[in-house]
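# Sequence first, then the predicted structure, then my questions.
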Amino acid sequence: MFDPVSFSDGKIAEMRETVGDAKAIIACSGGVDSMVSAAIASRALGDNLLAVYVDTGLMRKGETDEVRGMMGDAGLNHRIIDASAEFFKALSGVEDPEAKRKIIGELFIRVFEREAKGFGAGFLVQGTIAPDVIESGSVKSHHNVGGLPEKMGLKLCEPLIDLYKEEVRAVGRHLGVKSSERQPFPGPALAVRCLGEVTPEKIAIVREACHIVEEEISKAATDGRMALPWQYFAVLLPTRSVGVVKGSRAYGMTVVVRAVESTDAMTARHSRIPLDVLDAISRRITGSVPDVTRVVYDVTDKPPGTIEWE
Ligand code: XMP
């Protein structure tokens with residue numbers, strides 16, 4: 001039987017021993033894996049640990065503030081790096097989905113590397129858990145700081161590498177860690193939900209549309225009108241379609257609503273969202289998000305579709 005108390009005590013002592021008087025750095029996303037790893041490392045190393053959150057400008061509504069609060073509450077020595085201008089510049093004019101992912105992954109590493117050097121870190125703490133190792137080699141590895149330790153001569157500490165999600169959550173509860181309870185979210189963030197070129201304006205639109213989808217669906221789930229899907233979000237298409245705005249024909253943007261049921265993201269079934277919930281989402285998006293004149297619902301399962309659109 002897994003015991004979070006002895007596990008945490010053991011890992012804290014082990015990390016203290018391994019790292020000694022050196023410094024360590026961790027990239028925190030706000031998710032449970034990175035927050036629990038940071039909590040263990042911070043108990044072992046105190047201010048010799050630096051927790052870094054990179055704001056790529058591609059995050060969900062309120063996400064940066066939420067993570068800032070969590071890192072503060074956890075008493076972590078932390079820094080929030082606003083790198084959004086760098087990310088938008090690097091993504092300017094890039095339409096190919098794989099190129100976008102690559103640029104985001106590489107820039108993330110560069111920004112993080114800068115912080116690690118500035119702090120004088122000798123160790124990199126990562127929130128890798130057992131399923132990550134099993135899945136490595138898949139597209140998911142893109143958002144991790146993979147390849148970084150070798151390149152920088154950093155030694156790797158992965159306190160959660162033998163654990164599964166439920167065990168990580170148990171350790172988190174024991175250590176009093178608050179982490180984001182939000183649905184799974186891809187590493188390249190809203191960039192893969194903004195088809196084609198990424199611009200600050202388009203990201204602002206998809207961010208607001210995602211927020212509306214999240215709010216309306218979680219409200220419907222709380223009211224017992226539907227079950228909470230595995231993932232539910234909006235995607236902004238790169239093509240315009242004809243709409244009517246204030247009595248005139250206008251060429252507006254199209255937002256896709258995507259919601260799926262899944263247990264492991266390997267396969268998925270589109271959610272049977274009640275029509276009145278879809279209707280509320282559509283009206284709210286077209287009524288409040290500038291330039292969007294059409295909302296459609298994606299009824300594709302995985303396979304053949306994927307969950308994300310890029
Ligand atoms: P797809 O779109 O391939 O996604 O059906 C499967 C699951 O993985 C998430 N996803 C990612 N997660 N980095 C991540 O950490 C990524 O680059 C990435 N791409 C997709 C997606 O949200 C879904 O949960």
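Structure received.
# residue ranges of the strands in this structure, please?
Secondary structure of the chain (DSSP state E): strands at 24-27, 49-55, 78-82, 123-125, 155-157, 231-245, 248-261, 269-270, 292-297.
# Mind giving me the packing neighbours of the shortest one?
With contacts taken as 3 or more Cβ pairs under 8 Å, 6 or more residues apart in numbering; DSSP states H and E, strand 269-270 sits against strand 248-261. C-betas here are computed from N, CA, C, even on glycine.
# In the strand it packs on, which residues are buried?
Counting neighbours by 16 or more other Cβ atoms under 10 Å, one finds that the buried residues in strand 248-261 are 252-261.
# Check whether it comes into contact with the ligand.
No - under the criterion of Cβ under 6 Å from any ligand atom, strand 248-261 makes no contact with the ligand; the nearest approach is 8.4 Å.
# quick one: average confidence on that strand?
Averaging pLDDT along strand 248-261 yields 96.
# That strand pairs with which strands?
Looking at strand 248-261 with DSSP bridges, its partner strands are strand 231-245 (antiparallel), strand 269-270 (antiparallel), strand 292-297 (parallel).
# out of the strands of the chain, deepest packed?
Ranked by mean neighbour count, these are led by strand 24-27 with a mean of 27 (mean count of other Cβ atoms under 10 Å).
# domains in this protein, as residue ranges please.
4-183, 199-297 (automatic domain parsing).
# Between those domains, which one is closest to residue 310.
domain 4-183 (3.9 Å; Cβ to Cβ).
# got the contact list for residue 243?
Residue 243 sits next to 249-252, 293-294 when contact means Cβ atoms under 8 Å, 6 or more residues apart in numbering.
# one more time with 7 Å, if that's ok
250, 252, 293-294 (Cβ atoms under 7 Å, 6 or more residues apart in numbering).
# Also residue 121?
So residue 121 contacts 23-25, 50, 154 (Cβ under 7 Å, 6+ apart).
# Which one of those is nearest to residue 36?
Using Cβ to Cβ, these come closest to residue 36 at residue 24, 15.1 Å.
# so that closest one sits right up against residue 123, yeah?
Yes - if you go by Cβ atoms under 7 Å, residue 24 and residue 123 touch, sitting 3.9 Å apart.
# Give the residues shared as contacts by the two.
Counting by Cβ under 7 Å, 6+ apart, the contacts common to residue 24 and residue 123 are residue 157.
# wait, which of the buried residues of strand 248-261 is closest to residue 19?
residue 260 (40.9 Å).
# related to what we said a few turns ago, nearest to residue 58 among the contacts of residue 121?
Of the contacts of residue 121, the one sitting nearest to residue 58 (Cβ to Cβ) turns out to be residue 25, at 21.6 Å.
# so the closest one bridges to which residues?
Taking DSSP bridges as the rule, residue 25 bridges to residue 50, residue 124.
# Can you flag the weakest of the domains of the chain by average pLDDT?
Among the domains of the chain, domain 4-183 carries the lowest mean pLDDT, at a mean of 92.
# first vs last residue of that domain, how far apart are they?
Using Cα to Cα, to the nearest Å, the gap from the first to the last residue of domain 4-183 comes to 24 Å.
# ok, now stretch 20-33?
For stretch 20-33, the separation between the terminal residues is 23 Å (Cα to Cα).
# Nearest to residue 114, out of the strands of the chain?
Closest to residue 114 of the strands of the chain, according to Cβ to Cβ: strand 78-82, at 8.5 Å.
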